[in-house]
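Enquirer: give me coordinates for this.
(one chain, ligands or ions: 1)
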Amino acid sequence: MNLLLKDYLDRQITPIAAQLDTESQPLFEAFYGLGDRALLTPKLPSDSGGLGLDSLGFWQFQSLVAQHSGALAFLQTQHQSAASLLQASQNQALTQTYLPAMASGAKRVGVGFSQLRKQPAPVKAQPVSGGYQLSGTVPWVSGVGLFTEFVGAAELADGSAIFGLVPLANQKAISVSQPMALMGMAATGTVSVSLSDYFLADEQVVGTRPAGWIQLSDRTNPLSPLGLVLGCAQAGLSVAAQSLSKRQIDHPLPAQLQARIEQTWVELPKLHDLPTEDYQQKVNFRGEAISLMNTCAQTAVLAASGVANTVGHPAQRVYKEALVFSVSGQSKGSAIASLDALSIHK
Ligand SMILES: Cc1cc2nc3c(=O)[nH]c(=O)nc-3n(C[C@H](O)[C@H](O)[C@H](O)COP(=O)(O)OP(=O)(O)OC[C@H]3O[C@@H](n4cnc5c(N)ncnc54)[C@H](O)[C@@H]3O)c2cc1C
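Expert: Numbers count the residues shown, from 1 in each chain. Model (predicted):
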């Protein structure tokens, strides 16, 4: 897998990485390129078209993609997240139709459930005959123009959440915003989606989760963005090395940061195996990794000098990718841990 993936990334992604950050069409084509190699849902078992990667294997996969293009890694992650939700679904008709087609990109699905972290709930659901009626605004859904649907979530009166497939296009009861003018990864087509009494038929329901599900998930899996974070850190160091060599500056910092990235990879499986009660240790580790990523991105800028400010320079792209990965899936606990990692009175 790694050779096939690495060859694709080296040959076809690295030369156009700057374009993939700002232009949607080439980014979507790059996503299709992963699909042509059946690399869009690597966490699924092989009988569903995946590679059966466990958490560590998927972090390595994400890291490799993010070393070449953060935007491509981000979109693949959203699609994988939708596939994982579908894989866990009791709705056999949906899983059989969607999962094999998602590996190749014949079906392309995003997600919109981070709003479950917010109170009062931005999207509410009410049971009606044959399904649910959804109302409210999903604040973040990436992939408009690529994903035709997303797995959205809405809160029921008892605080539980209903997850279902919702079209990612304007139609009766669905209003999709213009893509947000984002500083980093603008090409990902990130929108908000307003639902006005949108009817989610039972056939489109992916599943339900109990009240407090996302808070528990945040406590259980605080390490989930580490593949993207470490990939971005590595990308920063690659850019820094090129610039320093061009400027004939010999400085020990890149080697020190490389050693810290490698140490983080060594410790990651051990942290992953800790029980949920060791949440604080895990979330602190996440905070330290985010801080390391930002230091690597800053190193890339400082090594490049003024030219880092020009549009299209890789140092600038990595710096902006770090901005997105710093807050992806952020909970209150992970925000505090990230701030702690930066604190000057540690
Ligand atoms: C470029 C980009 C693309 C994204 N794409 C997607 C996507 O495709 N799908 C998706 O689901 N998400 C997406 N996100 C959302 C992303 O993961 C969120 O940044 C993350 O979930 C944090 O949410 P938030 O920034 O909206 O902050 P909030 O949810 O507002 O705040 C974060 C934390 O603060 C606390 N908090 C917030 N409001 C309250 C309150 N009223 N009372 C008490 N505590 C509160 C909560 O603990 C919450 O966990 C995207 C984000 C970015 C930047």
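Enquirer: now the farthest one out in this protein, which residue is it?
Expert: Going by Cα atoms, centre = their mean, the residue of the chain most distant from its centre is residue 248, 36.0 Å out.
Enquirer: in a helix, that residue, correct?
Expert: No - checked against DSSP: H, G, I helix; E, B strand; the rest coil, residue 248 lies outside a helix; its state is coil.
Enquirer: could you check the pLDDT of it?
Expert: Listed pLDDT for residue 248 reads 97.
Enquirer: for it, give me phi and psi.
Expert: Backbone torsions for residue 248, taken as degrees, to the nearest 10, come to phi 50, psi 50.
Enquirer: check residue 20 too.
Expert: Per-residue torsions, residue 20: phi -70, psi -20 (degrees, to the nearest 10).
Enquirer: buried ones in stretch 298-310?
Expert: For stretch 298-310, the neighbour count (16 or more other Cβ atoms under 10 Å) marks 298, 299, 300, 301, 302, 303, 304, 308 as buried. For glycine as for every other residue, the C-beta is placed from the backbone atoms N, C-alpha and C.
Enquirer: what about the stretch 1-150 of the chain, any weak spots by pLDDT?
Expert: 1 (pLDDT under 70).
Enquirer: and it, which residues reach the ligand?
Expert: 78, 110-114, 117-119, 139-142 (Cβ under 6 Å from any ligand atom).
Enquirer: so the closest residue to residue 156 other than its chain neighbours bridges to which residues?
Expert: Nearest non-adjacent residue to residue 156, counting by Cβ to Cβ, 6 or more residues apart in numbering: residue 125, 5.2 Å away. Judged by DSSP bridges, the bridge partners of residue 125 are residue 134.
Enquirer: which residues are in contact with residue 125?
Expert: 132, 133, 134, 154, 155, 156, 161, 162, 200 (Cβ atoms under 8 Å, 6 or more residues apart in numbering).
Enquirer: make CSV out of the residues of the stretch 1-150 of the chain next to the ligand and add secondary structure.
Expert: Compiled in CSV, these are given as follows (three-state DSSP):
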residue, secondary structure
78, helix
110, strand
111, strand
112, strand
113, coil
114, helix
117, helix
118, coil
119, coil
139, strand
140, strand
141, strand
142, strand
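Enquirer: just the buried members of these?
Expert: 78, 110, 111, 112, 113, 114, 117, 139, 140, 141, 142.
Enquirer: what's the burial count for residue 168?
Expert: Applying other Cβ atoms under 10 Å, we find 26 residues neighbouring residue 168.
Enquirer: now swap in the one 5 residues further on and tell me
Expert: Summarising burial for residue 173: neighbours were counted as other Cβ under 10 Å, giving 16.
Enquirer: which element is the closest residue to it other than its chain neighbours on?
Expert: Among residues not flanking residue 173 along the chain, residue 198 sits closest, at 4.1 Å (Cβ to Cβ, 6+ apart). According to DSSP states H and E, residue 198 maps onto strand 190-201.
Enquirer: from the chain's centroid, how far away is that strand?
Expert: Relative to its parent chain, strand 190-201 has a centroid offset of 21 Å by Cα atoms, centre = their mean, to the nearest Å.
Enquirer: wondering if the helix or strand just after it reaches the ligand at all.
Expert: Counting by DSSP H and E, the next helix or strand C-terminal to strand 190-201 is strand 205-209. No - interface with the ligand: strand 205-209 contributes nothing (Cβ under 6 Å from any ligand atom), its closest point being 13.8 Å away.
Enquirer: and what of stretch 317-333?
Expert: Yes - using Cβ under 6 Å from any ligand atom, we find that stretch 317-333 touches the ligand at 324, 327, 328, 329, 330, 331, 332.
Enquirer: tell me where the stretch 151-300 of the chain has helices.
Expert: 213-220, 226-246, 253-273, 279-304 (DSSP state H, counting those that start in this stretch).
Enquirer: out of those helices, flag the one nearest the ligand.
Expert: Smallest distance to the ligand across these (Cβ to the nearest ligand atom): 7.0 Å, for helix 213-220.
Enquirer: re earlier: just the buried members of the residues of stretch 317-333 next to the ligand?
Expert: By neighbour count, with 16+ other Cβ under 10 Å, the residues of stretch 317-333 next to the ligand hold 324, 329, 330, 331 as buried.
Enquirer: look up phi and psi at the second one.
Expert: Put plainly, it is residue 329. phi 60, psi 30.
Enquirer: against residue 246, how distant is it?
Expert: 36 Å (Cβ to Cβ, to the nearest Å).
Enquirer: correct me if wrong: residue 13 contacts residue 67.
Expert: No - at 9.6 Å, residue 13 does not count as touching residue 67 under the criterion of Cβ atoms under 8 Å.
Enquirer: before we move on, back to that, ok, which of the helices of the stretch 151-300 of the chain comes nearest residue 5?
Expert: Closest approach to residue 5 among the helices of the stretch 151-300 of the chain is made by helix 226-246 (12.2 Å; Cβ to Cβ).
Enquirer: quick check: buried residues in that closest one?
Expert: Quick answer for helix 226-246 (16+ other Cβ under 10 Å): 226-241, 243-244.
Enquirer: just stretch 80-93 next, same as before
Expert: Those would be 80, 81, 82, 83, 84, 85, 86, 87, 89, 91, for stretch 80-93 by 16+ other Cβ under 10 Å.
Enquirer: residues in contact with that stretch?
Expert: 40-44, 48, 50, 58, 94-95, 98-99, 102, 109-111, 150-151, 163, 203, 205-207.
Enquirer: and if you look at stretch 178-185?
Expert: With contacts defined as Cβ under 8 Å, 6+ apart, stretch 178-185 is touched by 21, 24, 70-71, 74, 144-145, 186, 188-192, 320-324.
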